[in-house]
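> can you look at this prediction? I've put the sequence above it.
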Amino acid sequence: MLSRVRSLRPELPVQCAFLDLNRPPLRDALHQLRGERPVLVPLLLSTGYHVRVDIPAAVAAAGLPISRVARALGPHPLLARALAARLAETGATPEAPVVLASAGSSDPAAIADTTRMAHLLARHLGRPVTPAHLSAAAPTPHGAVAALRTAGHRDVAVATYLLAPGFFARRAATTARWTSPPLAAHDAVARLILHRYDEARTGVPPEVWKVAGHDLIL
C-alpha cells in the first residue's frame, strides 16, 4: 500500500507507523517530526476506539495539532469500488447476496460505519448486502451466511472488509461459495488515503489543491 500511495503522489514524503505490535511505533514517528506539520491518516476502516482515543492521545503527547489527524477511511464509495473489484476476482455471480465481513467492534460508532458501508456496497452492486462482524458484535459472517441460506439463497458471497491478510481474514472464511481477499493495495484504497490526507491538510475538497512537500504518515 505504501508504494502505491507514493507512486500516486511521488512529491509527497510518506512514512508508515503502527499503534502496536509492529515497528516503528507511532509515538516514535511523531517524536521525530516535532516542529513539522505532518498529517496522520489512520489506516482504519471505521471510527472506533483507536481513531477516537488512541491516535489523538499520541498526537497530543507529541505536541501536534489534533486537526492534522484525518478521518478513518470508511465508509466511502471508493471502498465500495474496491470491495466490488475484489468480489469480481472470485467469480461470484451478480445475483448472489453479499455478506460484508468486518473486523467488528464494541464501539457503536464503528458498527454504524460498517452498516453504512454495507449500504454503499449494496448501492454499488445493485443487490442486498448484510453487514457482519468478526468480533464483538452480531451477526457473525457465519451467522449471516447461514441466515441467507435458510432464507433460500443457496449461493452467498462474502466481501472481506479488511485491509490486509491475517487473523481476522482467516476467520472470514465461511461456508459461502465465494469469499473475496482483503482489500490490500487496491488503487481505490490508495486514492482514498490521499483523499483523506487532502481533507485533513486543507479542510476543503482535495481536487482543488496540489500537494507540495507536506509530510504524510500512514
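Noted; the coordinates are in hand. Numbering: from 1, shown residues only.
> since we're on the residue lying closest to Pro97 once chain neighbours are set aside, how many residues are nearby?
Distances taken as C-beta to C-beta, 6 or more residues apart in numbering put Pro128 closest to Pro97, at 4.8 Å, once the chain neighbours are dropped. The C-beta positions use only the backbone N, C-alpha and C, and glycine is treated the same way. Pro128 has 14 neighbouring residues, counting by other C-beta atoms under 10 Å.
> looking at Pro128 now. What's its pLDDT?
Pro128 carries a pLDDT score of 95 in this model.
> now do the phi/psi pair for it.
The phi/psi pair for Pro128 (degrees, to the nearest 10) reads phi -60, psi 140.
> pull the contacting residues for it.
Applying C-beta atoms under 8 Å, 6 or more residues apart in numbering to Pro128 gives the contacts Pro97, Val98, Ala122.
> I'd like to know which elements the lengthiest helix in the chain is packed against.
Taking DSSP state H as the criterion, the chain has its longest helix at helix 108-125. For helix 108-125, the packing partners by 3 or more C-beta pairs under 8 Å, 6 or more residues apart in numbering; DSSP states H and E come out as helix 77-90, strand 98-102, strand 129-133, strand 157-161.
> alpha carbons of it, in CSV - could you do that?
Extracted C-alpha coordinates of helix 108-125, given in CSV (Å, rounded to 0.1, in the frame of the first residue of the first chain):
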residue,chain,number,x,y,z
PRO,A,108,-21.4,1.8,18.4
ALA,A,109,-19.8,4.3,16.0
ALA,A,110,-17.7,1.6,14.4
ILE,A,111,-20.8,-0.7,14.0
ALA,A,112,-22.7,2.2,12.4
ASP,A,113,-19.9,2.8,10.0
THR,A,114,-19.9,-0.8,8.9
THR,A,115,-23.7,-0.6,8.4
ARG,A,116,-23.2,2.5,6.2
MET,A,117,-20.5,0.7,4.2
ALA,A,118,-22.9,-2.2,3.6
HIS,A,119,-25.4,0.3,2.2
LEU,A,120,-22.8,1.9,-0.1
LEU,A,121,-21.7,-1.5,-1.3
ALA,A,122,-25.3,-2.6,-1.9
ARG,A,123,-25.9,0.5,-3.9
HIS,A,124,-22.8,-0.1,-6.0
LEU,A,125,-23.6,-3.8,-6.6
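> what about it, distance to the chain center?
12 Å (C-alpha atoms, centre = their mean, to the nearest Å).
> same question for it, mean pLDDT?
97.
> thank you kindly, that will do.
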